[in-house]
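Engineer: pasting a predicted model and its sequence here:
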Amino acid sequence: MLPSFLLSLREGIEAALVIGILLGAVRQIRRRDLVPAVWAGTISALVVSVLVAIGLNAIGLALVEPGEQIFEGFVMFLAAGFLTWMIFWMARQSRNIKADIESGVRQASRTGKRGLFALAFISVLREGVELALFLTAALLASNAGETLVGALLGLGTAVLLGATLFATTLRLDLRRFFNVTGFILVLFAAGLVAHGIHEFNEIGWIPAVIEHVWDVNPILSENSTLGLILKSLFGYNGNPSLTEVLAYGVYFVIVLLGLRTKLARPAVVVA
């Protein structure tokens with residue numbers, strides 16, 4: 001439940017920020033007639049996102065071995081890739097997200113309702129499809145009930161935080177918020193990579209090299225309550241293969257070093 005809550009909270013916060021800034025920008029340029037277009041684009045994007053989530057889960061449930069392992073492995077790798085891109089993107093853009101969206105509104109307003117509809121639709125759809133993919137990966141590592149409850153709680157919290165943010169003129173330090181949640185999501189993404197390696201180990205696409213580097217299941221079983229929480233959140237495996245361990249460690253180190261380098265690099269100022 002915790003992974004789906006965290007993912008839904010972060011994606012929901014981004015979507016709430018986008019919607020709030022779009023509506024605020026429309027009011028600033030005194031084009032309240034465009035407000036319905038923003039909501040229409042938002043609702044349309046949400047509908048498409050839900051359909052994508054249903055489709056992904058339907059495909060996963062319909063597959064049998066070895067197709068099931070292949071699907072799960074690719075979903076894990078794809079989700080980890082999108083999650084990594086999202087972490088890097090928000091680490092650099094969180095300071096300027098408001099200005100960028102307001103600039104987009106001014107440009108889109110020149111084409112009327114269609115432009116605002118498209119801007120809202122694309123902006124929210126990106127968050128929605130990413131979340132659909134992440135929740136599918138979380139569901140494959142957990143169970144449907146916990147994933148659904150976590151997602152609903154995360155989205156509900158995001159709506160409340162989004163409303164509060166704009167009621168208090170965006171006093172939250174978004175950069176710090178996204179950096180902290182980004183570090184946690186790096187651990188989650190590393191777990192997705194390791195889980196994908198595990199699925200490909202099972203069908204022989206990636207050799208295990210050493211089948212079980214260690215086995216701590218007698219101490220902390222991956223099927224226990226705590227083990228299941230750690231498994232769904234960080235990809236915990238009580239008896240991982242060598243390639244799982246290497247994939248987790250290499251991904252974690254590379255991404256952290258990349259984030260450190262990217263955040264240390266000064267922003268380019270255009271005169």
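Structural biologist: Yep, that arrived.

Engineer: which parts of stretch 219-239 are buried?
Structural biologist: In terms of neighbour count (16 or more other Cβ atoms under 10 Å), stretch 219-239 has its buried residues at 222, 227-238. Glycine gets a C-beta too; all of them are placed from N, C-alpha and C.

Engineer: what's the next secondary structure element after the helix or strand harbouring Leu230?
Structural biologist: Taking DSSP states H and E as the criterion, Leu230 maps to helix 225-234. Counting by DSSP H and E, the next helix or strand C-terminal to helix 225-234 is helix 242-264.

Engineer: send me that next one as CSV with only the CA atoms.
Structural biologist: Only the C-alpha atoms of helix 242-264 are listed here, as CSV (Å, rounded to 0.1, in the frame of the first residue of the first chain):
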residue,chain,number,x,y,z
LEU,A,242,23.7,-12.4,-7.9
THR,A,243,22.3,-10.5,-10.9
GLU,A,244,19.5,-9.1,-8.8
VAL,A,245,21.8,-7.8,-6.2
LEU,A,246,24.2,-6.3,-8.8
ALA,A,247,21.3,-4.7,-10.7
TYR,A,248,19.9,-3.1,-7.6
GLY,A,249,23.3,-1.8,-6.4
VAL,A,250,24.5,-0.6,-9.8
TYR,A,251,21.2,1.2,-10.6
PHE,A,252,21.1,2.9,-7.1
VAL,A,253,24.7,4.2,-7.3
ILE,A,254,24.4,5.4,-10.9
VAL,A,255,21.1,7.3,-10.3
LEU,A,256,22.3,8.9,-7.1
LEU,A,257,25.5,10.0,-8.7
GLY,A,258,23.6,11.3,-11.7
LEU,A,259,21.2,13.3,-9.4
ARG,A,260,24.0,14.7,-7.5
THR,A,261,25.8,15.9,-10.6
LYS,A,262,22.6,17.3,-12.2
LEU,A,263,21.6,19.2,-9.1
ALA,A,264,25.1,20.6,-8.6
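
Engineer: got a list of contacts for that helix?
Structural biologist: Counting contacts by Cβ atoms under 8 Å, 6 or more residues apart in numbering, the residues outside helix 242-264 that touch it are 80, 84, 87-88, 91-92, 179, 182, 186-187, 189-191, 193-194, 197-198, 201, 206-210, 213, 235, 237, 240.

Engineer: how much does that helix deviate in direction from helix 225-234?
Structural biologist: Counting by axes from the mean of the first three to the mean of the last three Cα atoms, to 10 degrees, helix 242-264 points 50 degrees away from the direction of helix 225-234.

Engineer: ok, His212 touching Asn239?
Structural biologist: Yes. In this structure His212 lies within contact range of Asn239 using Cβ atoms under 8 Å: 4.3 Å.

Engineer: could you list the alpha-carbon positions for stretch 75-89 in PDB?
Structural biologist: Output in PDB follows, covering the C-alpha atoms of stretch 75-89 (Å, rounded to 0.1, in the frame of the first residue of the first chain):
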ATOM      1  CA  VAL A  75       6.600  -3.600 -17.100                       C
ATOM      2  CA  MET A  76       9.100  -3.400 -14.200                       C
ATOM      3  CA  PHE A  77      11.900  -2.200 -16.500                       C
ATOM      4  CA  LEU A  78       9.600   0.300 -18.300                       C
ATOM      5  CA  ALA A  79       8.200   1.600 -15.000                       C
ATOM      6  CA  ALA A  80      11.700   2.000 -13.600                       C
ATOM      7  CA  GLY A  81      12.800   3.900 -16.700                       C
ATOM      8  CA  PHE A  82       9.800   6.300 -16.500                       C
ATOM      9  CA  LEU A  83      10.300   6.700 -12.800                       C
ATOM     10  CA  THR A  84      14.000   7.600 -13.300                       C
ATOM     11  CA  TRP A  85      13.200  10.100 -16.000                       C
ATOM     12  CA  MET A  86      10.500  11.700 -13.700                       C
ATOM     13  CA  ILE A  87      12.900  12.000 -10.800                       C
ATOM     14  CA  PHE A  88      15.500  13.700 -12.900                       C
ATOM     15  CA  TRP A  89      13.000  16.000 -14.600                       C
END
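
Engineer: for it, what is the distance to the chain centroid?
Structural biologist: 7 Å (Cα atoms, centre = their mean, to the nearest Å).

Engineer: give me the buried positions along it.
Structural biologist: Going by neighbour count (16+ other Cβ under 10 Å), the buried part of stretch 75-89 is 75-80, 82-84, 86-88.
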